[in-house]
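S.K.: Okay, here's the prediction I keep looking at, along with the sequence it came from:
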Amino acid sequence: QVQLVESGGGLVQAGGSLRLSCAASGRTFSNYAMAWFRQAPGKEREFVAFISISGSSTDTAGSVKGRFTISRDNAKNTVYLQMNSLKPEDTAVYYCAARNGIRNWSPHAYAYWGQGTQVTVSS
């Protein structure tokens, strides 16, 4: 089992920045690829960003490319999502997720999830 706890969400004005953190405990964090997803009210959960086990490979969704950056610190068992130039359409609950495998954009491929952190961007 891997336990994940997100933090860093909040209310921010459009154009602002937030950094989300996801702290992992339980099994060896460095064995898992990590990802961020988000879910807005009435919408399906969507892929935001992925990072490989070593951190050498990342991927971001087209809607956030150039604005969001995913990173990880295996020594601290933590994955981050730096969000810049935030837009009202980025408003959602953000979840981190872990999987023991290669890159995948589907939430169904991830076995472990955090409880989510709310990000609200005002216009």
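M.R.: That came through fine. Residues are numbered from 1 along each chain as shown.

S.K.: residue contacts, N74?
M.R.: By C-beta atoms under 8 Å, 6 or more residues apart in numbering, the contact list for N74 reads 29-30, 55. Placement of C-beta: from N, CA and C, glycine included.

S.K.: P107 now?
M.R.: Under the criterion of C-beta under 8 Å, 6+ apart, the neighbours of P107 are 37, 45, 47, 97.

S.K.: ok so, going back, quick one: which of the contacts of N74 has the most company?
M.R.: Scoring these on neighbours with other C-beta atoms under 10 Å, the highest-scoring entry is F29 at 22 neighbours.

S.K.: Not counting residues beside it along the chain, what's closest to the spatially most central residue of the chain?
M.R.: Centre of the chain computed as the mean C-alpha position; nearest residue by C-alpha atoms, centre = their mean is W36, 2.3 Å away. Excluding the flanking residues, the one nearest W36 by C-beta to C-beta, 6 or more residues apart in numbering is V48, at 4.3 Å.

S.K.: Now do stretch 71-81, average pLDDT.
M.R.: Throughout stretch 71-81, pLDDT has a mean value of 96.

S.K.: what's the span of it, first residue to last?
M.R.: Stretch 71-81 stretches 7 Å from its first residue to its last (C-alpha to C-alpha, to the nearest Å).

S.K.: chain center to that stretch: distance?
M.R.: If you compare the mean C-alpha spot of stretch 71-81 with that of the full chain, they lie 11 Å apart, counting by C-alpha atoms, centre = their mean, to the nearest Å.

S.K.: List the buried residues in that stretch.
M.R.: 72, 74, 77-81 (16 or more other C-beta atoms under 10 Å).

S.K.: Could you do stretch 92-100 as well?
M.R.: Buried residues in stretch 92-100, defined by neighbour count with 16+ other C-beta under 10 Å: 92-99.
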